[in-house]
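> whatever this is, show me its structure:
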Amino acid sequence: MLFILALTSCQKGRTYFPKDIAAQEIEIVRFDNALMNVHQPNPDPSLKTRDEGQGTRVDIRVLYDEYPEFMPLWVEDILGIPSADTAFLEQQLPLFLNDTLYGFKQTNAREQEIFADVRDLEQAIGKAFGRIEWLYPETEVPTFYLFISGFQTPIYFGEGLIGIGADMYLGSDYEYYNRVVYEYQKQTMRKECIPVDVVSAYLFRTIPYTSSKSRLLDQMLYRGKVMYLTAQIFDNLKGHEVMGWTKEQWEWCVKNERAIWHLVMDKRDLFKTESLVLTGYLNDGPFTSEVSQDAPGRLGIWLGWRIAESYMEHNETVSLQDLMAEGDAQKILEESYYKP
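This is a model prediction of the structure:
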C-alpha cells in the first residue's frame, strides 16, 4: 500500500513565448463530410438484410478525384481494401456508412452533429503550430483531414498530412464506446481533447529520442519532456487537461508526489530496462500497478514531466529547444534538483 503524504508546492513558471506570435492559418479538410455526402443510390427495396446499405453502390470516383492524397490512404489503412480494387470498394463502402449492427450509421450521424463546426479546432491547432514554428522555423505545417476511422485510430499520419479520426472524439458518454474501448480510455474521447492529441502526437513523431540508453529514467524523461513542451504550447490549459487525466487524478499525484518518488527510488526502478517495468510506468491503463491501484496510468510520464519542469526552473538559461535536444537523462535529473 502506498503511503499517502500531502505535498504543497508553489513554483513560479517560466514564460517561453512572446505574446505576438502569429497563429498558423489552419483549414481542416472535411473528408468526413465528403464521405457522408457521396452519392448513394437507394438500395434495392427487394433486398431484405440487416444492413440498410446492403446492395447499394456509391460513386467513389469523386472521392479519388477530390482527395487524391488522402483517399487511397484511407481505403487501404482504414478499410483494409487495396486502393486499386474499386469494384470491391463500391460494394463495401455502403456497409461502412450504413451498418447498424456495429453502430457505424449511428456514429456517423453523431459525428456530423458534433463536428458541424470545427472553427474552434482550427483556431486551437493553428495557435499551437504557430508556436511550434516559432520554436522550430523549419517546421512544415501539415494538411489536416477530418475523417471517419471505424473506431480504429484517433490520429493518423501520412506524408505531409495529419488525419483526425472524428469518431474517436464523440464524447466520453457515447454509448457505442462501451463496445470498443475500456472505461479509462473514455476520458480523452472528447472533441476538446483533439488539439492536445494532435500536437503531442506530432511532437513525439518529430522530436527524436536521442538517449543511448533505454532505462526507465531515459524513457520517462523523453516522454515527460514532450508533455512539458506540450503544456507550454497550451499554456491556457490545466495540467490534467494536457495529461488527459481527471482533475482528481492529477491532484492525487501531486498530493502523493513525495511518497511516489521515494517508492520508485527504493525499488530502483529508474535504472531498470525490463519491458514489463517500462510499459507498467509509461503505457496507458486504468492504474500504474508498480506504484498503486490508486495511481493513474502513465504515471512515469508525469514524473518525467515534473523532473523536466524542475530542471527548467533551476536552469533559466536553458531554452525549450535545448531541453528537447538534451539526451542525457542523468544530467537532467541531477541538475533538476527534483526533491518533492
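> what about the strands in the chain?
Ranges of strands in the chain, per DSSP state E, are 29-30, 143-147, 155-158, 161-165.
> flag every buried residue along the third one.
I take that to be strand 155-158. For strand 155-158, the buried set under the neighbour-count rule, 16 or more other CB atoms under 10 Å, comprises I155, Y156, G158. For every residue, glycine as well, the C-beta is placed using N, CA and C.
> what pLDDT is listed against the second one?
According to the predicted model, the pLDDT of Y156 comes to 97.
> identify the bridge partners of the closest residue to it other than its chain neighbours.
Here the nearest residue to Y156 in space, its sequence neighbours aside, is G163; by CB to CB, 6 or more residues apart in numbering that works out to 3.5 Å. According to DSSP bridges, Y145, Y156 are recorded as the beta-bridge partners of G163.
> residues in contact with G163?
Remark: with contacts taken as CB atoms under 8 Å, 6 or more residues apart in numbering, G163 is in contact with F31, F70, L73, W74, F144, Y145, L146, F147, S149, I155, Y156, F157.
> how close does E316 sit to Y338?
Here E316 is placed at a distance of 16 Å from Y338 (CB to CB, to the nearest Å).
> the more surrounded of these two?
Neighbours of E316 and Y338, each counted by other CB atoms under 10 Å, are more numerous for Y338; the result is 19 against 8.
> which pLDDT value goes with that one?
97.
> about what we covered before: adding distance to K19, write the strands of the chain out as TSV.
Below are those laid out as TSV (distance: least, CB to CB, whole Å):
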stretch	distance to K19
strand 29-30	30
strand 143-147	25
strand 155-158	29
strand 161-165	27
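> now for these, which one comes closest to E248?
Distances from E248 to each of the strands of the chain were compared by CB to CB, and the smallest falls on strand 155-158, at 26.1 Å.
> how about residues contacting that closest one?
Contacts to strand 155-158, defined as CB under 8 Å, 6+ apart, come from residues 69-70, 73, 77-78, 147, 149, 162-165, 197-198, 201, 205.
> least confident pick among the residues you listed?
On the confidence scale, those reach their minimum at I78, with 91.
> how many neighbours does that one have?
Taking other CB under 10 Å as the neighbour definition, I78 ends up with a count of 18.
> quick one, domains of the protein?
In terms of domains, the chain is parsed into 29-117+142-206, 216-336 (source: automatic domain parsing).
> lowest average pLDDT across those?
Within those, the stretch with the lowest mean pLDDT is domain 29-117+142-206, showing a mean of 86.
> off-centre distance for that one?
Between the mean C-alpha location of domain 29-117+142-206 and the chain-wide mean there is a distance of 17 Å, by CA atoms, centre = their mean, to the nearest Å.
> ok, stretch 104-123 next?
If you compare the mean C-alpha spot of stretch 104-123 with that of the full chain, they lie 18 Å apart, counting by CA atoms, centre = their mean.
> then stretch 218-229?
The chain centre lies 15 Å from the centre of stretch 218-229; the measure is CA atoms, centre = their mean.
> could you do stretch 298-315 as well?
A distance of 20 Å separates the C-alpha centroid of stretch 298-315 from that of its chain, computed with CA atoms, centre = their mean.
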